[in-house]
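Q: Kindly return the folded structure for what I paste below:
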Amino acid sequence: MVLEGFEKYVPKFEYKVVDMNEVDVEKLLEMKNALAGLMCIDGMGRKDLEKAMERVRKVFREMEEEEKEMLRRYMRSMFIAVMGERGKELEGIEELEEMFVGLKKGIEREIKRAKEEGIEEGMEKGLVEARREDILELVRLKFGDVSDEMKGKIITLEDVAKLNEVFKLAVIAKDMEEFEGKVKEVI
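A: This is a model prediction of the structure:
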């Protein structure tokens, strides 16, 4: 709702949805402005990002200074968004070339860190699963069948320290009744 008399001051925008899968990147870059550069870089996968950054790098030299500054600001923001606090290292960089190098290195570091975290998490899950199986096998060998209730308690345990404690209880318990009683105290 616009107040009467102010209609002429309200901009009339027309929006169009752009599907980047249907855009010819080369034609886009012929525009030689920050928006074209942003559209080429934003949302790209890692391999595509490197290609896009190379294209934008070439066009950047031909951009007007105002367009270059807009692209620099976007690159800084993008780097901080990707890298979090570690992305602040890009703040003092003025040259786009250095930003691209920094962004590429940052993305590679984050991918490596994510893989390492995934490996650690996988190892932890494997350790938990193995410990559960060890406990159930030990109890079966020592006391015979394990009740469904006890299986459920052991299978739902996630804490390695508690699983280790339950394993020790299985080793020292004299019978199933003693084991179940001790497990209830620990869990």
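Q: Tell me the secondary structure of Asp19, please.
A: coil (DSSP: H, G, I helix; E, B strand; the rest coil).
Q: what about the helices in the chain?
A: 25-30, 34-41, 46-60, 65-83, 96-143, 148-156, 160-172, 176-186 (DSSP state H).
Q: Quick one: list the elements packing against the fourth one.
A: Identification of packing neighbours for helix 65-83 by 3 or more CB pairs under 8 Å, 6 or more residues apart in numbering; DSSP states H and E yields helix 34-41, helix 46-60, helix 96-143. Where C-beta positions appear, they are placed from N, C-alpha and C, glycine not excepted.
Q: Next, the angle from that helix to helix 96-143.
A: 10 degrees (axes from the mean of the first three to the mean of the last three CA atoms, to 10 degrees).
Q: Now do helix 65-83, average pLDDT.
A: Mean pLDDT, helix 65-83: 75.
Q: thinking again about what came up before, let me have the helices of the chain in JSON lines, extended by mean neighbour count and distance to Leu3.
A: JSON lines is the format used below for the helices of the chain (neighbours: other CB atoms under 10 Å; distance: least, CB to CB, whole Å):
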{"stretch": "helix 25-30", "mean neighbour count": "14", "distance to Leu3": "39"}
{"stretch": "helix 34-41", "mean neighbour count": "20", "distance to Leu3": "32"}
{"stretch": "helix 46-60", "mean neighbour count": "16", "distance to Leu3": "43"}
{"stretch": "helix 65-83", "mean neighbour count": "16", "distance to Leu3": "33"}
{"stretch": "helix 96-143", "mean neighbour count": "14", "distance to Leu3": "44"}
{"stretch": "helix 148-156", "mean neighbour count": "14", "distance to Leu3": "63"}
{"stretch": "helix 160-172", "mean neighbour count": "16", "distance to Leu3": "66"}
{"stretch": "helix 176-186", "mean neighbour count": "15", "distance to Leu3": "71"}
